[in-house]
Each structure stands twice: as C-alpha cells, then as structure tokens.
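Enquirer: can't give you the sequence, but here's the structure:
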C-alpha cells in the first residue's frame with residue numbers, strides 16, 4: 001500500500017523486513033528494488049535484483065523482475081545492452097524458447 005502511495009522510505013522498511021525474513025521472496029525483493037530506485041539508490045536496487053537472479057537463475061528468471069532489472073541497467077550504464085545479453089544467455093540456458101524475451105527490452 002505504501003508503495004502505491006509513493007511513500008517509498010516507509011515501503012522500503014516494510015519490504016526490507018520481509019526480505020530479511022524471506023531472502024528468496026522475489027516479489028518482495030523486486031518491490032524493495034523499486035523503493036530503492038525511487039529513493040535514489042540505483043546501485044542498491046541493481047544489487048538486490050542481480051543477486052537474486054544470479055543466486056538461482058532457474059528459479060528467479062521472472063519476467064517482471066527481469067523487466068525491472070533491464071530498466072535499471074538502462075538507467076545505470078551505457079553497457080546496458082551487454083548486460084541484457086548476459087541475461088538473455090541465462091534465459092536461453094534455464095528457460096528455453098517459451099520465455100517472453102520482450103521483458104529484456106532489447107529491441
């Protein structure tokens with residue numbers, strides 16, 4: 001609720017509590033990274049999502065999470081396409097042809 005009300009510091013605290021109890025809750029990690037972005041903590045937002053994806057790509061290659069991660073790459077680096085290609089490699093390896101790669105925003 002706090003996130004939808006643009007109360008990012010308050011939402012951040014709540015999502016952080018969830019992530020501390022359930023570090024593999026990808027929905028909470030994704031929402032935590034959104035809060036971090038809106039609080040001006042781009043590097044922390046990237047680290048939150050990247051660590052989850054790379055920890056267990058077979059489990060955490062989620063379209064919404066990858067869309068947000070690719071958006072952060074675009075904001076962070078001129079090397080965003082290279083980073084997206086790395087994600088594409090993970091998708092090819094762990095998810096195969098049925099995955100909607102449009103979430104990688106490569107076009």
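Expert: That came through fine. Please read all numbers here as calculations on a predicted model, not as lab measurements.
Enquirer: okay, now residue 59: neighbour count?
Expert: Burial of residue 59 is recorded as 12 neighbouring residues (other C-beta atoms under 10 Å). Glycine gets a C-beta too; all of them are placed from N, C-alpha and C.
Enquirer: which residues are contacting the helix or strand containing it?
Expert: Taking DSSP states H and E as the criterion, residue 59 maps to helix 57-60. With contacts defined as C-beta atoms under 8 Å, 6 or more residues apart in numbering, helix 57-60 is touched by 24, 26, 52, 53, 90, 93, 94.
Enquirer: for the residues you listed, which two are the farthest from each other?
Expert: 24 and 93 (19.9 Å; C-beta to C-beta).
Enquirer: what residues of the lowest-mean-pLDDT helix or strand in the chain count as buried?
Expert: Ranked by mean pLDDT, DSSP states H and E, the weakest helix or strand in the chain is helix 57-60, scoring a mean of 92. Across helix 57-60, burial judged by 16 or more other C-beta atoms under 10 Å covers 57, 60.
Enquirer: need the next SSE after that helix, C-terminal direction.
Expert: Following helix 57-60 in sequence order, the next helix or strand is helix 63-76 (DSSP H and E).
Enquirer: now that next one: mean pLDDT?
Expert: Averaging pLDDT along helix 63-76 yields 95.
Enquirer: does anything pack onto it? Which helices or strands?
Expert: In terms of contacts (3 or more C-beta pairs under 8 Å, 6 or more residues apart in numbering; DSSP states H and E), helix 63-76 is packed against helix 26-38, helix 42-55, helix 80-94.
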